[in-house]
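Asks: dropping the sequence and predicted coords here.
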2 protein chains.
Amino acid sequence: MTSSTNSEVAPKGRGRRPGGADTRAAILEAARKSFAAKGYDKASMRGIAREAGVDPALVHHYFEGGKAALFVETLDVPVNPARLIDHLLDGDTDRLGWRIVDTFLTVWEPPERRDALVALVRSSMTSEEAARMLREFLGREVFGRVAASTGVPDPQLRGALAASQVLGLVVARYVVRLPALVDATREELVERLGPVLQHHLVDRHTTPE
Amino acid sequence: MTSSTNSEVAPKGRGRRPGGADTRAAILEAARKSFAAKGYDKASMRGIAREAGVDPALVHHYFEGGKAALFVETLDVPVNPARLIDHLLDGDTDRLGWRIVDTFLTVWEPPERRDALVALVRSSMTSEEAARMLREFLGREVFGRVAASTGVPDPQLRGALAASQVLGLVVARYVVRLPALVDATREELVERLGPVLQHHLVDRHTTPE
């Protein structure tokens, strides 16, 4: 696994100085522990602050996007999830599915991001905590919200189906490594999977004729 | 895990009598070991016969469908894969995607089958051997063949994409357990995922409009 290129997130910085990169790193480390131990829903900003030995206000200061932003940061993802969803929804709904696949590949194809994502998916196979994080975060916070925004019927099911295709892509391309999917270009994946995400998240009709 | 209801496949029967349920069970046990150790491609009918201590002709006698049939049997699947593919392809190509989802759920929803499939998918996350089996079998033998039969362009990629949606369904419904997917009825899954499999395996056009 490639180490993070963001020197502020070096996991060894466990100092207790009230500010600066060390505090931020201590909060992140505490967040990783809390999410792993309690799952996304039960971990709290207050509990993470306590674990990091800092004032809760400092956690909010460093992670303005709140718990979702903090969680995504522990995944080594370079984007705030709220901003990511805004970006996905900010544009033509007729192209939403394609935009999701393109954005997903932009964010997660770089090796160090991909490794972190694969690690989470791998953990979710054997750890109920990791499965819960994927369930609560990917299923509800990301795809559930996107589906809710399009006014499609039964948005929870639609979001879960979209999540299933993205999870399947991760497993098939990065873990099981089906050769044709490993070799596929980003353009091919956007072209072929864009309509699937569109079907799951936007289309009102039953069959995509 | 529920034990198999097929008394002929009781894994404890390791006798060396030249015929009957014990021989069949010994061959299956040897096949499980060979596939796990060597992967699907490198395991041979001859090597499995040697491992089971029987004549190779007996292996062919008990498993007329050859290596693919023997492999599926080790997965505790109630159907011969060649017959399964014939069944999938025997019908209106315009409904192939829906038929695949329906067949998949018929075969793998019963708890003991599902457990065996989930075990294989779980193993594929950490074992290169299990990943190779999924890759060679699901990616190539099943979905690669179905895609090749429809005359679609780039059948290997199409088959791999179809496999990715099915893998994603397994992971999201049975492992990560996204609530909306756990609660979805078989009819809902066939209705929503049928068009996706159709898009991956049959549709010639780029977008399913």
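Replies: Arrived safely. Residues are numbered from 1 along each chain as shown, chains lettered A, B, ... in the order given.

Asks: let me know the pLDDT of the closest residue in space to A:Leu138 that isn't next to it in sequence.
Replies: What sits nearest to A:Leu138 in space, not counting adjacent residues and going by CB to CB, 6 or more residues apart in numbering or on different chains, is A:Ala163, at 5.2 Å. For glycine as for every other residue, the C-beta is placed from the backbone atoms N, C-alpha and C. Per-residue pLDDT puts A:Ala163 at 96.

Asks: same question for the one 3 residues further on.
Replies: Note for A:Val166: predicted pLDDT of 96.

Asks: swap in the one 3 residues further on?
Replies: Reading off the per-residue confidence, A:Leu169 sits at a pLDDT of 97.

Asks: how many residues are close by the residue nearest to it when sequence neighbours are not counted?
Replies: Excluding the flanking residues, the one nearest A:Leu169 by CB to CB, 6+ apart is B:Ser164, at 5.2 Å. Applying other CB atoms under 10 Å in any protein chain shown, we find 29 residues neighbouring B:Ser164.

Asks: for B:Ser164, give its distance to A:Leu178.
Replies: 7 Å (CB to CB, to the nearest Å).

Asks: helices or strands up against the helix or strand A:Ala116 falls within?
Replies: Here A:Ala116, judged by DSSP states H and E, is contained in helix A:111-126. On a contact count with 3 or more CB pairs under 8 Å, 6 or more residues apart in numbering or on different chains; DSSP states H and E, helix A:111-126 meets helix A:96-108, helix A:128-133, helix A:155-170, helix B:111-126.

Asks: of those helices, which is nearest B:Ser34?
Replies: helix B:111-126 (15.3 Å; CB to CB).

Asks: per-residue confidence averaged over the closest one?
Replies: 81.

Asks: buried residues, that helix. List them.
Replies: B:113-114, B:116-118, B:120-125 (16 or more other CB atoms under 10 Å in any protein chain shown).

Asks: next: stretch A:131-147.
Replies: Buried residues in stretch A:131-147 (16+ other CB under 10 Å): A:131-147.

Asks: about what we covered before: identify the contacts common to B:Ser164 and A:Leu178.
Replies: A:Ala172 (CB atoms under 8 Å, 6 or more residues apart in numbering or on different chains).

Asks: now whichever residue of chain A sits closest to chain B: closest residue in space that isn't a chain neighbour?
Replies: Closest residue of chain A to chain B, CB to the nearest CB: A:Gly168 (2.2 Å). Excluding the flanking residues, the one nearest A:Gly168 by CB to CB, 6+ apart is B:Gly168, at 2.2 Å.

Asks: residue contacts, the one you found?
Replies: A:163-169, A:171-172.

Asks: quick one: low-confidence parts of chain A?
Replies: When residues are selected by pLDDT under 70, those of chain A lie in A:1-19, A:76-81, A:205-209.

Asks: please tell me how far A:Met45 sits from B:Asp203.
Replies: Distance of A:Met45 to B:Asp203, computed by CB to CB: 47 Å.

Asks: can you give me the end-to-end span of stretch A:69-82?
Replies: Stretch A:69-82 has an end-to-end distance of 7 Å (criterion: CA to CA, to the nearest Å).

Asks: mind listing what's buried in the longest helix seen in chain A?
Replies: If you go by DSSP state H, chain A has its longest helix at helix A:20-42. Using 16+ other CB under 10 Å as the test for burial, helix A:20-42 gives A:22-35, A:38-40.
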